[in-house]
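Asker: Could you work out the structure for the sequence below:
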Amino acid sequence: MPDCPNDGSGSINDIFSCENYFRVAPQTLDFSGEIYDFRYVPGAATTLRVHVSGTFASTSAKDIANDLMLSQIQLHAARIRASLSTIWKRWGAQFMLKAPRPASKKYLGKFSDAGRWDAFMPRVGDIVVATPPKSGTTWTQSILALLISGDPEIDAETSMKSPWIDFNVRELSEVMARLEAQDHRRQVKTHNPLDGIPLWPDLRYITVYRHPIDVYFSFRKHAWNQNEAISREFFPDEYFSEDPSDGFRVFLEGDYVEAASLKSIVDHYRCTLDQEPSENIIRLHYADMLRDLSGTFEKIAVHTGIATPPDVMVKLVEAATFDNMKANAHRFAPSAGQGNWKNDAEFFHSASSNKWVGKLSEVELSAYDARMSDLATPEERCWLEFGSVAGE
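Answerer: Sure, this is the predicted structure:
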């Protein structure tokens, strides 16, 4: 199926009042023929082709859109305007996506299995959040839930609405059924590096990183806050020691994707670097999100093609602040109210950096420096630890 011409002529106008889900991009304004292409903006190369009756010669994209609204077409435009959910649910998964770059490595752990991605039926514009654990995953998913809905009071319910595909504790058929039933823009998450999942050109990928030692301390708190029957089964015993030094040795020496070892974090990061530059992958840093949450919203909105009125955006940014998310943990914490956590609000513990100050010895920090020197170049390390401020 050929694309519409893209010579930069004309303008792009909304056909449907559905917040940028569908746009029409008639680059040849003297429209004449029996077919027309509807584009989904983030996946601009993918089109849904419908037939129109009649011939149009219009001077603007808006005129063509109006003509199409009055025309009898196979996929009736008036019904699309009346019910975005119907058309999205019916057609979203049937767009002709470009073939993905398949995963080149299989990741299998105690509670995660990358092979579950084989059951995932993508739709154009789906968003994949791919991060090491405790690096800003839930924060990013909550930002997306706010942007997609435009509602600062949204119940993000991330574990159910934007599930962790690889998590093998949940029945795979149930996870896929929940995703299939969604009639809005979808998002999913993974903790696998990008070499462990398919990369579809028509999907959007968001990766997020954090200073590795902060990840360790955050993960340690995460393990302590989790229901003990769950956490003791899955995480290294050393993570539950009163002395953080015990777990830190495991963190430096191990290779635990699920428990966020230093090696797995750096491997995840370097897999993302290997894909750059890529139009459908964005790399964010937790420290930058803390420094400039409004700027983070803007970056994600541009990357995903989600337009939000400025006055609404202000409210969404406020809803994604640490204090608000902690105060509303029942809406933002994954698996909130399901007994997974000793305290749902403590999932959002401190949203801080430099957690190790006063807790690790100089010897331990020197061991970290030596290990990092083996795993990453100085330039790679600098950004992984500090984000964009590293280049200032």
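
Asker: quick one: low-confidence parts of the stretch 51-200 of the chain?
Answerer: 51-96 (pLDDT under 70).

Asker: where exactly do the strands run in it?
Answerer: Using DSSP state E, counting those that start in this stretch, the strands found in the stretch 51-200 of the chain span residues 127-130, 187-190.

Asker: Would you mind pulling up the elements that the first one packs against?
Answerer: The reference is to strand 127-130. Judged by 3 or more C-beta pairs under 8 Å, 6 or more residues apart in numbering; DSSP states H and E, strand 127-130 is in contact with helix 137-149, strand 187-190, strand 204-209. Any C-beta I mention is one placed from the backbone N, CA and C, and that applies to glycine too.

Asker: Including distance to Asp155 and mean neighbour count, could the ones you listed go into CSV?
Answerer: What follows is the helices and strands packed on strand 127-130, written out as CSV (distance: least, C-beta to C-beta, whole Å; neighbours: other C-beta atoms under 10 Å):
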stretch, distance to Asp155, mean neighbour count
helix 137-149, 8, 24
strand 187-190, 15, 24
strand 204-209, 21, 24
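
Asker: quick one, which of those is nearest to Pro334?
Answerer: helix 137-149 (5.8 Å; C-beta to C-beta).

Asker: tell me the angle that closest one makes with strand 204-209.
Answerer: Using axes from the mean of the first three to the mean of the last three C-alpha atoms, to 10 degrees, the inter-axis angle of helix 137-149 relative to strand 204-209 is 150 degrees.

Asker: Output helix 137-149 in CSV with nothing but the alpha carbons.
Answerer: Extracted in CSV, the C-alpha atoms of helix 137-149 (Å, rounded to 0.1, in the frame of the first residue of the first chain):
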residue,chain,number,x,y,z
THR,A,137,8.8,3.3,35.1
THR,A,138,5.6,4.0,37.1
TRP,A,139,6.2,7.8,36.9
THR,A,140,6.5,7.6,33.1
GLN,A,141,3.4,5.4,32.8
SER,A,142,1.5,7.8,35.0
ILE,A,143,2.5,10.7,32.8
LEU,A,144,1.3,8.8,29.8
ALA,A,145,-2.0,8.0,31.4
LEU,A,146,-2.5,11.7,32.2
LEU,A,147,-1.6,12.8,28.6
ILE,A,148,-3.7,10.1,26.9
SER,A,149,-6.8,10.8,29.0
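
Asker: Contacts for it, please.
Answerer: 127, 129, 131, 152, 154, 156, 158, 161-162, 184-185, 187, 189, 191, 206, 208, 284, 286, 289, 296-297, 300-301, 304, 306, 308, 316, 319-320, 325, 332-334, 347 (C-beta atoms under 8 Å, 6 or more residues apart in numbering).

Asker: Can you flag the buried ones in those?
Answerer: Burial by neighbour count, judged by 16 or more other C-beta atoms under 10 Å, picks out 127, 129, 131, 152, 154, 156, 158, 161-162, 185, 187, 189, 191, 206, 208, 284, 286, 289, 296-297, 300-301, 304, 306, 308, 316, 319-320, 325, 332-334, 347 from those.

Asker: From those, which land in helices?
Answerer: 158, 161, 286, 289, 296-297, 300-301, 304, 316, 319, 325, 332 (DSSP state H).

Asker: Between which two of those residues is the distance greatest?
Answerer: Pairwise over these, using C-beta to C-beta, the maximum falls at Lys161 and Tyr286, 22.5 Å.

Asker: Dump the helices and strands packed on strand 127-130 into TSV; add distance to Tyr239 as well.
Answerer: Output for the helices and strands packed on strand 127-130, formatted as TSV (distance: least, C-beta to C-beta, whole Å):
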stretch	distance to Tyr239
helix 137-149	18
strand 187-190	22
strand 204-209	21
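
Asker: So for Ala119, which of those sits nearest?
Answerer: Minimum separation from Ala119 across these (C-beta to C-beta) falls at strand 187-190, 11.8 Å.

Asker: same for that closest one, what does it pack against?
Answerer: strand 127-130, helix 137-149.

Asker: Can I get the first one in PDB? Just the C-alpha atoms.
Answerer: Below are the C-alpha coordinates for strand 127-130, written out as PDB (Å, rounded to 0.1, in the frame of the first residue of the first chain):
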ATOM      1  CA  ILE A 127       3.600   3.100  23.500                       C
ATOM      2  CA  VAL A 128       6.200   0.900  25.100                       C
ATOM      3  CA  VAL A 129       7.900   2.000  28.300                       C
ATOM      4  CA  ALA A 130      11.200   0.100  28.600                       C
END
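
Asker: Contacts for that strand, please.
Answerer: 137, 140-141, 144, 162, 185-194, 197, 203-208, 268, 272, 304.

Asker: Check Trp383 and give its pLDDT.
Answerer: pLDDT recorded at Trp383 is 97.

Asker: let's have the chain start at 49 instead
Answerer: Yes, from this point I'll number from 49; that puts the last item at Trp431.

Asker: Name the residues of the helix or strand where it lies that are buried.
Answerer: Trp431 belongs to helix 426-434 when assigned by DSSP states H and E. Of the residues in helix 426-434, 429, 431-434 count as buried by neighbour count, 16+ other C-beta under 10 Å.

Asker: which of these lies closest to Asp303?
Answerer: Leu432 (17.0 Å).

Asker: Thought Tyr257 was touching that closest one, still the case?
Answerer: Yes. With contact defined as C-beta atoms under 8 Å, Leu432 reaches Tyr257; the gap is 5.7 Å.
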